[in-house]
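Enquirer: quick check, what structure comes out for this input:
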Amino acid sequence: MRYAIVIEKGEGNYGAYVPDLPGCVATGRTIEETERSIQEAIEFHLEGMRADGLPIPEPGSRVEYVEVAA
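Expert: Have a look, this model is predicted:
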C-alpha cells in the first residue's frame, strides 16, 4: 500500500502526517529523516490497528500541486 504523506517545515525541524491515518505523525531534523520516521510510524500504526482488530483504511488521499501566479 502507498499512503500520501504531508511534510511541513517547522521552526527547528520537520513534521509529517498521513491524511488517511489520523494520529499517525512523525518528526525529524531533515526531510530524509522525517520520511524514514513517518514510514516507520505508518508501519507501527498499521500493526497496532491489526492487533486491535480494526480495519485498515485504504489509501484515498490524492496529492496534486497547482500553479498560481505569485
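
Enquirer: contacts and neighbour counts: CA atoms only from here.
Expert: Fine.

Enquirer: which parts of the chain are helices?
Expert: With DSSP state H, the ranges of helices along the chain come out as 31-51.

Enquirer: show me where the chain has strands.
Expert: Under the criterion DSSP state E, the chain carries strands at the ranges 6-9, 14-17, 25-28.

Enquirer: how distant is the last one from the center of its chain?
Expert: Just to be clear, that refers to strand 25-28. 8 Å (Cα atoms, centre = their mean, to the nearest Å).

Enquirer: any stretches of the protein with poor pLDDT?
Expert: Within the chain, not a single segment meets pLDDT under 70.

Enquirer: quick one: which of the strands of the chain is nearest Arg50?
Expert: When the strands of the chain are ranked by distance to Arg50, counting by Cα to Cα, first place goes to strand 25-28 at 18.0 Å.

Enquirer: what packs against the closest one?
Expert: strand 14-17, helix 31-51 (3 or more Cα pairs under 8 Å, 6 or more residues apart in numbering; DSSP states H and E).

Enquirer: one more pass at 10 Å, please.
Expert: strand 6-9, strand 14-17, helix 31-51 (3 or more Cα pairs under 10 Å, 6 or more residues apart in numbering; DSSP states H and E).
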